[in-house]
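> Structure here, sequence nowhere to be found:
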């Protein structure tokens, strides 16, 4: 059985996460038992939610255990199987974590899903046609529930969730405005993803300036907002929301290093009769088949062209992850292992 390089969480961050929070280790892969398969990971996913799990504090998920493999999504292929439903060579998506191989009891429902790479590249099953894409779909369809012609805004627009949100919203006849960092990302959001406009938050570093930019990009106001960031950007959006606007709250990456994110003007929720709903996409597995079908079609037909930032090798995972938290990635952040 192959040696398996792994990234473990060695100690918890104090404030900002650093590379020394992680530890590279090598383990021997155990012999397979009945119903188990050995998956060789081709890509592992890096996602902002992982930062919150590094803390030992109250959250919607259990903290990442110390001394164990960092948890996260993976895609790869079956290289050995003792399960009749999975054959060697089949491509699968799972939750194998930051390591090169995983041994999976494939008889447990939902732990591995076979995927077809004929029209959708394998890596996209960790992004546009995976958890980030379904996150965008749920926030849009189930919380914002837009009507044709409404104006929608999404922060982190060039990322895995934001890009999928844009394609899904345009397919429903909405005006879609993105917020992203830097001219290259904003150009991609408009030219390749088909957004109607994109605001560079680096040019608008406070709520007043951002609010003015939103007024120009959204002359009819904002009907729906998909929040990935928090902080002053949320303050600015709230000042431009129309009455009975809806906000899907998916993440607050501005606060992942532990600092509080106070709201400047919470009375706007009452004044504008706004609905804000936080959600965790893994609690809504019933929508995944419908969402993945639509997302797969958008990618296969070229209506969603996701970008990827790819780091090479398991050794690069911590540095790539810390870069993601600072917005250095362009699109979905992955680590390529094969």
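Cool, the structure landed. Bear in mind that the values here come from a model prediction, so they are computed numbers and not experimental data.
> Show the contacting residues for the spatially closest residue to residue 220 that is not a sequence neighbour.
Nearest residue to residue 220 in three dimensions, chain neighbours excluded: residue 151, at 5.5 Å (Cβ to Cβ, 6 or more residues apart in numbering). Where you see a C-beta, it was placed from the backbone N, CA and C, and this is true even at glycine. By Cβ atoms under 8 Å, 6 or more residues apart in numbering, residue 151 lies in contact with 174, 175, 176, 177, 218, 220, 221, 222, 223, 224.
> ok, residue 151 to residue 221 distance?
7 Å (Cβ to Cβ, to the nearest Å).
> How about residue 100?
Counting by Cβ to Cβ - residue 100 and residue 221 are separated by 50 Å.
> These two: which has the busier surroundings?
Using other Cβ atoms under 10 Å as the criterion, residue 100 and residue 221 rank with residue 100 on top: 24 against 15.
> Quick check: the gap between residue 64 and residue 251.
For residue 64 relative to residue 251 (Cβ to Cβ), the value is 17 Å.
> go on, residue 104?
28 Å.
> do residue 180 as well
15 Å.
> Please identify which of these two sits among more neighbours.
Taking neighbours as other Cβ under 10 Å, residue 180 and residue 251 compare with residue 180 leading, 28 against 23.
> and the more buried one, bridged to which residues?
Beta-bridge pairing for residue 180 (DSSP bridges): residue 200.
> What segments of the stretch 151-300 of the chain are helices?
160-171, 183-191, 207-217, 232-238, 268-271, 288-300 (DSSP state H, counting those that start in this stretch).
> Name the SS class of the residue positioned nearest the centre of the chain, please.
A centroid search over the chain (Cα atoms, centre = their mean) returns residue 132, at 3.9 Å, as the residue closest to the centre. Following DSSP: H, G, I helix; E, B strand; the rest coil, the label given to residue 132 is helix.
> got the contact list for stretch 180-191?
156-158, 162-163, 166, 178, 195-202, 307, 327, 330.
> Just the buried ones from these?
Among the contacts of stretch 180-191, the ones that count as buried by 16 or more other Cβ atoms under 10 Å are 156-158, 162-163, 166, 178, 195-201, 307, 327, 330.
> ok, residue 289 to residue 327 distance?
Taking Cβ to Cβ as the measure, residue 289 falls 32 Å from residue 327.
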